[in-house]
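Chemist: need coordinates for the below:
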Amino acid sequence: MGLGKYLAGVGKEAKRVRWPKRDVLIPAIIVVIIIAAITGLLLFAEDIAGKKLIDILTDAFKGVL
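Modeler: Purely as a prediction, here's the structure:
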């Protein structure tokens, strides 16, 4: 199967797809953005907490190392 035939098949399948209407698509995009933002904030908070924990442990074991 050549590249041209493959791309023609991809184009043919793309025309068959039922793309969502704008009134369905916009709320879905907003939900995805909100979930991504919340996830990013949670990961940021975990990163800060992990750094503080490592700093506390480093200070606690300074005399041992």
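Chemist: pLDDT wise, what is G63 at?
Modeler: Looking at G63, its pLDDT is 79.
Chemist: hmm, I was thinking of W19
Modeler: 87.
Chemist: what distance do you get for it to Y6?
Modeler: Remark: distance between W19 and Y6 (CB to CB, to the nearest Å) = 22 Å. From N, CA and C alone the C-beta is placed, and that goes for glycine too.
Chemist: count of residues packed around R18?
Modeler: R18 has 5 neighbours, counted by other CB atoms under 10 Å.
Chemist: K21 now?
Modeler: K21: 8 neighbours (other CB under 10 Å).
Chemist: what does L57 give?
Modeler: So L57, with other CB under 10 Å, has 10 neighbours.
Chemist: how far is the strand or helix carrying it from where the chain is centred?
Modeler: In this structure, L57 sits in helix 22-60 according to DSSP states H and E. Its chain's average C-alpha position is 10 Å from that of helix 22-60, according to CA atoms, centre = their mean, to the nearest Å.
Chemist: what's the answer for stretch 57-65, then?
Modeler: Computed by CA atoms, centre = their mean, the chain-centroid distance of stretch 57-65 equals 36 Å.
Chemist: ok, and what's touching that stretch?
Modeler: Under the contact criterion CB atoms under 8 Å, 6 or more residues apart in numbering, stretch 57-65 has no outside partners.
Chemist: please identify the buried residues of it?
Modeler: For stretch 57-65, the neighbour count (16 or more other CB atoms under 10 Å) marks no residue as buried.
Chemist: please tell me how far R16 sits from G9.
Modeler: 11 Å.
Chemist: again with K21
Modeler: 26 Å.
Chemist: tally of neighbours for the nearest residue in space to P20 that is not next to it in sequence?
Modeler: The spatially closest residue to P20, leaving aside those adjacent along the chain, is A28, at 7.3 Å (CB to CB, 6 or more residues apart in numbering). For A28, the count of nearby residues is 10 (other CB under 10 Å).
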